[in-house]
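Undergrad: here's my sequence, what's the structure:
(chains A and B)
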There are 2 protein chains.
Amino acid sequence: MGRWEPNTRDRLARAALELFGERGYEQTTVAEIARRAGLTERTYFRHYADKREVLFGGSQVLRDRFTGAVAEAPASAAPIDVVAAGLEAIAQVFPAREDSRRRQSVVGAHPELQERELIKLATLSAAVAEALRARGVPDPTAGLAAEAGVAVLKVGYERWIAPTEQRELADLLRESLTQLKAVTAGAEEPVAKSGS
Amino acid sequence: MGRWEPNTRDRLARAALELFGERGYEQTTVAEIARRAGLTERTYFRHYADKREVLFGGSQVLRDRFTGAVAEAPASAAPIDVVAAGLEAIAQVFPAREDSRRRQSVVGAHPELQERELIKLATLSAAVAEALRARGVPDPTAGLAAEAGVAVLKVGYERWIAPTEQRELADLLRESLTQLKAVTAGAEEPVAKSGS
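TA: Numbers count the residues shown, from 1 in each chain, chains lettered A, B, ... in the order given. Predicted coordinates for the structure are as follows:
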């Protein structure tokens, strides 16, 4: 890496993923994560409140990107198209697929991590709804459009990290949104898959 | 009430809601809930794993009703109509609106209760998706239809327990589903409100 070093938060997150993979989540301490990253425990706690939180460091970034894209969408855009713009925006800042897969294998194995994932998603949904209201979208449309966006994110993300999946997250989010539209329109089967 | 007594689980849940309202959730112990219900602490723990769980005793009933309705829907029904049948079914077994409001004021004030609420909703979504798959609905349609149903439930339920709301839960769920359809279809504004 030469003289360049990723920032402190990223170094800690990467060290945590490595250690969780090598010796398990339960068996890893914050002190060990900090040591692996070449930092002190004190520094760790300046960036993350606890051991769990290091796995969720990106959620604030995703939330800001999503709500930022909602705020910047053309005034004439329908709420669902505003949400689609938010999904496009966050697809650009997701971690690499392999890192996401490793992270998911840790989160999926621990109920308290799954809980925190659900809280982050609920917080994202609430933030998107609020950003839609700030554009003048009334309730319950704002809440429903935000929930639809988070549903698409969940389903598209799960597909993206599936073992054999090759397509990009942005494509899978787009396709999942199209399929949600088909589902709510009452189509018996989803529309034919786009792309190859 | 004469000789009739509600069943043990319901008695405990009602006693808990009373006490949480009178002295606060934190200040109430399991022993006090049991005593108010005229039962022992030991009996309490035969029905609920901890103090939190008494607020979520109905979630298994809702899940069973929802998935039961999904299983029994006509074979020809589109997935979203199957989900609509599930929503109709659970609207019939919700607690009284006043009890739901009291419960919500406790849950809303405590992050650890909101967490458990999110877990119950995620569990419901997963169960509905599984019931749809058992009907032969493929993924990702099954997952998306289930997420759509839970989104409608969340939004419709919030409206139902709002302070001045008079309409029935079933009507609000039906209207919220119609509005979700309008949102995903790209309508700028939700369809005109039905009913008065």
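Undergrad: in chain A, where is pLDDT below threshold?
TA: The model of chain A has pLDDT under 70 over residues A:1-6, A:188-196.
Undergrad: give me that answer again for 50
TA: Scanning chain A with the threshold set as pLDDT under 50 gives A:1-4, A:190-196.
Undergrad: what about the helix or strand hosting A:Arg103 and chain B, touching?
TA: For A:Arg103, the host element (DSSP states H and E) is helix A:97-107. No - between helix A:97-107 and chain B, judged by C-beta under 8 Å from any C-beta of the partner chain, nothing touches; the nearest distance is 12.9 Å. (C-beta placed from N, C-alpha, C; glycine too.)
Undergrad: and the next element down the chain from that helix?
TA: Heading C-terminal from helix A:97-107 (DSSP H and E), you reach helix A:111-134.
Undergrad: got the angle for that next one vs helix B:111-134?
TA: Between helix A:111-134 and helix B:111-134, the angle comes out at 90 degrees (axes from the mean of the first three to the mean of the last three C-alpha atoms, to 10 degrees).
Undergrad: on contacts alone, who are the packing partners of the helix or strand following helix A:111-134?
TA: Per DSSP H and E, the first helix or strand lying C-terminal to helix A:111-134 is helix A:141-160. Packing partners of helix A:141-160 (3 or more C-beta pairs under 8 Å, 6 or more residues apart in numbering or on different chains; DSSP states H and E): helix A:79-91, helix A:97-107, helix A:111-134, helix A:169-184, helix B:141-160, helix B:169-184.
Undergrad: repeat the analysis, applying 7 Å as the threshold.
TA: Judged by 3 or more C-beta pairs under 7 Å, 6 or more residues apart in numbering or on different chains; DSSP states H and E, helix A:141-160 is in contact with helix A:79-91, helix A:111-134, helix A:169-184, helix B:141-160, helix B:169-184.
Undergrad: I would like the residues contacting the second one, please.
TA: By C-beta atoms under 7 Å, 6 or more residues apart in numbering or on different chains, the surrounding residues in contact with helix A:111-134 are A:52, A:55-56, A:59, A:62-63, A:66-67, A:70-71, A:79, A:82-83, A:86, A:106-108, A:142-143, A:145-147, A:149-150, A:154, B:115, B:118-119, B:122.
Undergrad: give me the buried positions along it.
TA: Counting neighbours by 16 or more other C-beta atoms under 10 Å in any protein chain shown, one finds that the buried residues in helix A:111-134 are A:113, A:115-122, A:124-125, A:127-129, A:131-132.
Undergrad: related to what we said a few turns ago, a markdown table for the helices and strands packed on helix A:141-160, including distance to A:Asp99?
TA: Formatted as a markdown table, the helices and strands packed on helix A:141-160 follow (distance: least, C-beta to C-beta, whole Å):
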| stretch | distance to A:Asp99 |
| --- | --- |
| helix A:79-91 | 15 |
| helix A:111-134 | 15 |
| helix A:169-184 | 13 |
| helix B:141-160 | 23 |
| helix B:169-184 | 31 |
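Undergrad: pull out the buried positions in stretch A:148-162.
TA: A:148-161.
Undergrad: between those residues, which is closest to chain B?
TA: Using C-beta to the nearest C-beta, A:Ala151 comes nearest to chain B of the buried residues of stretch A:148-162, at 3.5 Å.
Undergrad: hang on, A:Gly58 packs against A:Asp99?
TA: No - with contact defined as C-beta atoms under 7 Å, A:Gly58 does not count as touching A:Asp99 (9.9 Å).
Undergrad: out of these two, which sits in the more crowded spot?
TA: A:Gly58 (20 against 15; other C-beta atoms under 10 Å in any protein chain shown).
Undergrad: ramachandran angles for the more buried one?
TA: phi -80, psi -10 (degrees, to the nearest 10).
Undergrad: tell me the domain ranges of chain A?
TA: Per automatic domain parsing, the structural domains of chain A span A:8-51, A:58-184.
Undergrad: most neighbours per residue, which of those?
TA: For the domains of chain A, average neighbour numbers computed from mean count of other C-beta atoms under 10 Å in any protein chain shown are highest in domain A:58-184, which has a mean of 19.
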